[in-house]
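> kindly generate the corresponding structure for this input.
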Amino acid sequence: MSIDKTQIRHAATVIVLRDRLTDPHILMGQRGAKAVFMPNKFVFPGGAVDAGDADVSLGTPMGSPCADRLLDESPEDMTHALGVAAIRELFEETGQVLGQPGTWDGEVPADWVDFAATGHVPHAAPLQFVFRAITPPGRPRRFDARFFLIDADDLVSDPDDFSAASDELSHLQWVSLAQARSFDMPFITEVVLSEIQARVGDTSPPASVPFFNNNDEESLFARLHGKPQDR
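Residues are numbered from 1 along each chain as shown. Next up is the predicted model:
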């Protein structure tokens, strides 16, 4: 049996939910036609964890039970780095700021200069861990992706202002949950959408987190319950 040697990278994805109790919408954008991974697909903002993410200080850490569930089925504690990556990717791809007022200690990392210029430090407490999936074998890139849910009210930026966004995602827009499935999106995004639709009226963390573990030998489905651990 052949084994897929493609490196699996840790990644963080952010689902921003707006007006959840009245007219729920989610923030999505379209990947470029020349993108190696999922070209032309509408996706949530997110991307791979960078080497420097572990060294960026958080104004507030991710809370329990979400932080504890990130440790399930994980050989290393990626909680801090995943929280940082989620906030960084959200800002880079959409210009939206998940932060709290504050000043940075020492030199600001190059990837964070524009974020720091807004007068904020990254704020991970609102990140709610809701889904995890490993890209199946045979894809040009593979990710161990953790999906985080926040409310648009958690943002300190104007949710309709995408002027600070990079060009990695085009057609940034608030998509109605009722109409989202009409967009061309990856299968896993559709699965995550179903989870979000089921949780629109509930602001508490889910009782457990779905985990699609597509390893090189078989595809497994599990639920991550988490338990407090010494880190």
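
> so the residue nearest the centre of the chain: helix, strand or coil?
In the chain, the residue lying closest to the centroid (Cα atoms, centre = their mean) is Thr13, at 1.7 Å. Classification of Thr13 by DSSP: H, G, I helix; E, B strand; the rest coil places it in strand.

> surely it meets Phe44?
Yes - using Cβ atoms under 8 Å, Thr13 makes contact with Phe44 at a distance of 5.0 Å. C-betas here are computed from N, CA, C, even on glycine.

> okay, and the common contacts of the two?
Common neighbours of Thr13 and Phe44, using Cβ atoms under 8 Å, 6 or more residues apart in numbering, are Phe147.

> okay, and the beta partners of the residue nearest to the centre of the chain?
Gly46, Phe147 (DSSP bridges).

> roughly how far does it sit from Asp144?
Between Thr13 and Asp144 the computed distance is 11 Å (Cβ to Cβ, to the nearest Å).

> the host helix or strand of Val191 - contacts with which helices or strands?
Here Val191 sits within helix 187-198, counting by DSSP states H and E. Helix 187-198 sits against strand 8-18, strand 128-134, strand 209-214, with contacts defined as 3 or more Cβ pairs under 8 Å, 6 or more residues apart in numbering; DSSP states H and E.

> same for whichever helix or strand comes after the longest one, what does it pack against?
It refers to strand 8-18. Using DSSP H and E, the helix or strand that follows strand 8-18 in sequence is strand 25-31. Judged by 3+ Cβ pairs under 8 Å, 6+ apart, strand 25-31 is in contact with strand 8-18, strand 42-43, helix 79-94, strand 169-176.

> re earlier: pull the CA atoms of the helix holding Val191 into PDB?
Output of helix 187-198 as PDB, limited to C-alpha atoms (Å, rounded to 0.1, in the frame of the first residue of the first chain):
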ATOM      1  CA  PHE A 187     -17.100  19.400   0.900                       C
ATOM      2  CA  ILE A 188     -15.600  19.900   4.300                       C
ATOM      3  CA  THR A 189     -16.900  23.500   4.300                       C
ATOM      4  CA  GLU A 190     -20.400  22.200   3.700                       C
ATOM      5  CA  VAL A 191     -20.000  19.800   6.600                       C
ATOM      6  CA  VAL A 192     -18.800  22.600   8.900                       C
ATOM      7  CA  LEU A 193     -21.800  24.700   7.800                       C
ATOM      8  CA  SER A 194     -24.200  22.100   9.000                       C
ATOM      9  CA  GLU A 195     -22.500  22.300  12.400                       C
ATOM     10  CA  ILE A 196     -22.800  26.000  12.500                       C
ATOM     11  CA  GLN A 197     -26.500  26.000  11.400                       C
ATOM     12  CA  ALA A 198     -27.200  23.600  14.300                       C
END
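
> chain center to it, what's the gap?
Relative to its parent chain, helix 187-198 has a centroid offset of 13 Å by Cα atoms, centre = their mean, to the nearest Å.

> that helix versus strand 169-176: what angle between them?
30 degrees (axes from the mean of the first three to the mean of the last three Cα atoms, to 10 degrees).
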